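Chemist: Sequence first, then the predicted structure, then my questions.
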Amino acid sequence: MVLSLQKIKIYVAVILFCYLCYFIQHFILSTGNMNCMVGERESKRAVLLKDESLEPFYRHIIDQRKIRQRKKTGDFKMEPYRDPRWRSRKPELQILLVSYINAGSTYLGNILRQNTRIFYVYHPVVVLLDYIEEYRGERMYLYKKPGGLRRKDLREHRVKNSTTESNVTMKQLSKDLINDFLDCNFTALDIASLTNLPYYHNAQTRNFSNCILDGSLVIYIKCLKLLYEACNNTDVTLVNSVQLPVKTAMSLLIQKPELKLIYLYRDPRATLWTQFNNGVYKWATLKRKAKLFCSSLLKDLMTAQNITKMFPNRFVSIKYEDLVRDTKDTFRSMYQILGLGELPKDVEDYITSGKRIVGCSDCVESDHNAWRLGMPYEGAGIIDMNCARVYKKLGYELITGQEHLRKVNQTLEFQSNFL
């Protein structure tokens, strides 16, 4: 019995000794690897990171529970995996284009982006909203803690989804997203926004688009430098955003002295008719849709009027109908207000050529009055009933009858000095 106890003690001592050796060895190797990593980062900062060196980052992204964070800041300990080329010089001029779905912002933005000085981003808030709806609020970032919205926020957003004003969380998300795009702060963006950046075969982001075809997160990190290069080759950033309250845009104007704002609006009847044809809502819900849309539009107009007083040299309002009728003069005037100088000849030539994007439902129509021939008179009456206050401020007439609606050679506009 005594011998058995002695043997047990010996076995326990051997096991403890083995564990002690293992932990000492593990500590030495970990410290050595860390020192090697720091030394390599200092000596080879300009070398593109290899997939192998990003393996720890990749594993942390896949298994969110294992992500290490600094206790004080909550940031990821991923500094060793940052490429020194992920820096952009601050754009000299930043422009935010705010409008509504099917109000002509794609047409306007497509002409603006023909200027090679401009780095162009298309409808980032729409991408954010669609992604959040699909993935129940979850958003994956490269260098930030994976974020999500509360179920309450999602429910509120579904009830009032005409603009992001429906809840505070969505407003802040939209503001942060646009701010990061304006500053070319790509490492702060979520994966969905980065994926949808190369929209409509944008030449500026084509290299990035081709680079991320593999789709893995490691590839995204390696390709990110291409976005910074594209931004650094321009001196103006332009974000084209719909579903963004003008009040949010105003807060960005206050925050960013280098920012200028374009506000594009269109006859609500034309906008709502085009939205219906593109499946944004069902005809049976027209009354509710018109009420929500013009209620939001009225709030935007009141805010826009305040902006004209506070920032008269940093704000330009454009009526879609004027843009279609006299595109060149509208752009010349806009260029002067925005501080872009003279309208470049290649942009003038593009306007004259009348090119349009294939498959674009938000681009200019050959006849901007086409909606008057297709919309039922009853539908126009429902919209008039809910949008009369907006018409007075923007300069649109009420429709008095079916003959008035169909007579396209008779304008529905009058002069308004509200904006």
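Modeler: Cool, got the structure.
Chemist: alpha carbons only for contacts and neighbour counts from here, please
Modeler: Fine.
Chemist: doesn't Ser317 fall inside a strand?
Modeler: Yes: membership of Ser317 in a strand is supported by DSSP: H, G, I helix; E, B strand; the rest coil.
Chemist: Which strand residues bridge it?
Modeler: On the basis of DSSP bridges, Ser317 is bridged to Tyr263.
Chemist: Helix or strand: which one has the closest residue to Asn386 other than its chain neighbours?
Modeler: Spatial nearest neighbour of Asn386, chain neighbours left out: Lys291 (5.4 Å); criterion: C-alpha to C-alpha, 6 or more residues apart in numbering. Here Lys291 sits within helix 286-310, counting by DSSP states H and E.
Chemist: Equivalent analysis for Lys393, please.
Modeler: Using DSSP H and E, Lys393 sits within helix 377-394.
Chemist: on that earlier part again, may I see the buried residues of the helix holding Lys291?
Modeler: 286-287, 289-298, 300-301, 303-304, 307-308 (16 or more other C-alpha atoms under 10 Å).
Chemist: and if you look at stretch 187-201?
Modeler: Residues Thr187, Ala188, Leu189, Asp190, Ile191, Ala192, Ser193, Leu194, Thr195, Asn196, Leu197, Pro198 are the ones in stretch 187-201 that count as buried (16+ other C-alpha under 10 Å).
Chemist: what's the model's confidence in that stretch, averaged?
Modeler: Taken as a whole, stretch 187-201 has a mean pLDDT of 74.
Chemist: what's the span of stretch 245-261, first residue to last?
Modeler: Its start and end residues considered, stretch 245-261 measures 12 Å (C-alpha to C-alpha, to the nearest Å).
Chemist: which other residues reach the helix holding Lys291?
Modeler: Helix 286-310 has contacts (C-alpha atoms under 8 Å, 6 or more residues apart in numbering) with 162-163, 245-247, 250, 268, 272, 281, 315, 379, 382-383, 386-387, 389-390, 418-419.
Chemist: go on, stretch 394-412?
Modeler: Under C-alpha under 8 Å, 6+ apart, the answer for stretch 394-412 is 267, 369, 372-373, 377, 380-381, 384, 388, 391, 413-416, 418-419.
Chemist: CA atoms only for that stretch - export them in CSV, please.
Modeler: Presented in CSV, the C-alpha positions along stretch 394-412 are these (Å, rounded to 0.1, in the frame of the first residue of the first chain):
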residue,chain,number,x,y,z
LEU,A,394,-41.8,73.2,-55.4
GLY,A,395,-43.8,74.8,-58.1
TYR,A,396,-46.1,72.0,-59.4
GLU,A,397,-49.8,72.4,-60.4
LEU,A,398,-52.7,70.3,-59.3
ILE,A,399,-54.3,68.2,-62.1
THR,A,400,-57.8,69.5,-62.8
GLY,A,401,-59.0,66.6,-65.0
GLN,A,402,-58.0,63.7,-67.3
GLU,A,403,-57.6,66.0,-70.3
HIS,A,404,-55.3,68.2,-68.3
LEU,A,405,-53.2,65.2,-67.3
ARG,A,406,-52.9,63.8,-70.8
LYS,A,407,-52.0,67.2,-72.5
VAL,A,408,-48.3,66.8,-72.3
ASN,A,409,-47.5,69.9,-74.3
GLN,A,410,-49.1,71.9,-71.4
THR,A,411,-46.7,72.2,-68.4
LEU,A,412,-47.6,71.3,-64.9
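Chemist: The chain should start at 13 in everything you say after this.
Modeler: Taking 13 as the first residue, the last one we looked at is stretch 406-424.
Chemist: So for that stretch, what gets flagged as buried?
Modeler: So stretch 406-424, judged by 16+ other C-alpha under 10 Å, has buried residues Leu406, Gly407, Tyr408, Leu410, His416, Leu417, Arg418, Val420, Leu424.
Chemist: Turn the residues you listed into a markdown table, including distance to Thr217, secondary structure and pLDDT.
Modeler: As requested, these are exported to a markdown table (distance: C-alpha to C-alpha, whole Å; DSSP: H, G, I helix; E, B strand; the rest coil; pLDDT from 0 to 100):
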| residue | distance to Thr217 | secondary structure | pLDDT |
| --- | --- | --- | --- |
| Leu406 | 37 | helix | 97 |
| Gly407 | 39 | coil | 97 |
| Tyr408 | 39 | strand | 98 |
| Leu410 | 44 | coil | 98 |
| His416 | 47 | helix | 97 |
| Leu417 | 43 | helix | 97 |
| Arg418 | 43 | helix | 96 |
| Val420 | 41 | coil | 94 |
| Leu424 | 41 | coil | 96 |
